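*Asks:* coords please:
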Amino acid sequence: MSQAATPSDVASVYLQHGPYGQGHDPHGHGHADARGHGEGGPAPKRVIVGYGFWIFLLSDIVMFSAFFAAYAVLAHATAGGPTGKQLFDLQRVAIETGCLLVSSFTCGLGYVAATRRRQLETQFWMLVTGLLGLAFVMLEVLEFYEMIQEGAGPGRSAFLSAFFALVGCHGLHVTVGGLWLGTMMAQIWFKGFRPQIMRRLLCFNLFWHALDIIWVALFTIVYLLGAGA
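*Replies:* Numbering: from 1, shown residues only. Just a heads-up that it's a prediction; the model follows:
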C-alpha cells in the first residue's frame, strides 16, 4: 500500500513542476535563461521604472484627494463673500480645459514619434504640448489676478482659500511639467533616443496624462458644480 503524500511533498512537487518552477530552481533562484517575460527573470527596466512612477503618481493623487475633500467641506463657507457662481467664467475655463486636453493628445503623438526615432516630429509635438500647457497656465494666472483685484483673494473666505489651494496646486504641477518638458526636448535633441531618455519620456507622459485626469475632476467638481450652485 502506497503511503499518502504529505503537504511538504505536494509543495515540493509544485515548486519543481508548477508555474513557480519555470525559470527557477527548487530553492527559488533564477536560471540564467530567464527572459523577464513571466519566465521568472527580472522585468525590463522600462516596466520597473514605469511601475515605480505610477506609485509616485498615486501618492500625488492622494494629496489631491485631500485638497478635493477640503474644498468639498468648505465650498459653502463664503463668509458673506462672493460665491463660485459669481466668480467663475466658464467660457474661459472651457478654453483652459480644451488646451490641456489637446495637449495630452499632442503629448501622446510626441511619444509615438519618439518610439519611431523621428527627431523633428518628436520636437514638433512636444513644442505644441508645451505651448498649450503655457496657454493653460497663463489663463489660470489671469483668472487668479482678476479675482484678487476684485477682492476675492485666498484670505477672503474659507471657500476661496480652498479654491486657490486646489486649483493653484494643479497649476503648479502643470508649470513644473512644462519645465520638465523643456528639459526632455533638450535631452532628446542633443543625446538622441537613448534608453534612459526614453524611460524619462515615458514618465513625463504618465505625469502629463495624470494632470489631465485630475483637471477633468477639478473642472467638474469646482467649476461646473460651483457655477451652478
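
*Asks:* rest of the way, CA atoms for contacts and neighbours
*Replies:* OK.

*Asks:* and the gap between residue 195 and residue 46?
*Replies:* Separation of residue 195 from residue 46 (C-alpha to C-alpha, to the nearest Å) stands at 8 Å.

*Asks:* what about those two, which has more around it?
*Replies:* Shown here are residue 195 and residue 46; by other C-alpha atoms under 10 Å, residue 46 has more neighbours (16 against 11).

*Asks:* in which helix or strand would I find the more buried one?
*Replies:* Following DSSP states H and E, one finds residue 46 within helix 45-74.

*Asks:* Same question for residue 139.
*Replies:* For residue 139, the host element (DSSP H and E) is helix 119-149.

*Asks:* quick check: mean pLDDT across that helix?
*Replies:* On average, the pLDDT along helix 119-149 is 96.

*Asks:* Likewise for stretch 153-163?
*Replies:* pLDDT averaged over stretch 153-163 gives 93.

*Asks:* Buried residues of that stretch, list them for me.
*Replies:* For stretch 153-163, the neighbour count (16 or more other C-alpha atoms under 10 Å) marks 153, 154, 156, 157, 158, 159, 160, 161, 162, 163 as buried.

*Asks:* Now do the same contact list for the third one.
*Replies:* In other words, residue 156. Taking C-alpha atoms under 8 Å, 6 or more residues apart in numbering as the criterion, residue 156 is in contact with 79, 81.

*Asks:* ok, 7 Å please
*Replies:* Under the criterion of C-alpha atoms under 7 Å, 6 or more residues apart in numbering, residue 156 has no neighbours.

*Asks:* Determine the longest helix present in the chain.
*Replies:* Counting residues, the longest helix found in the chain (DSSP state H) is helix 158-191.
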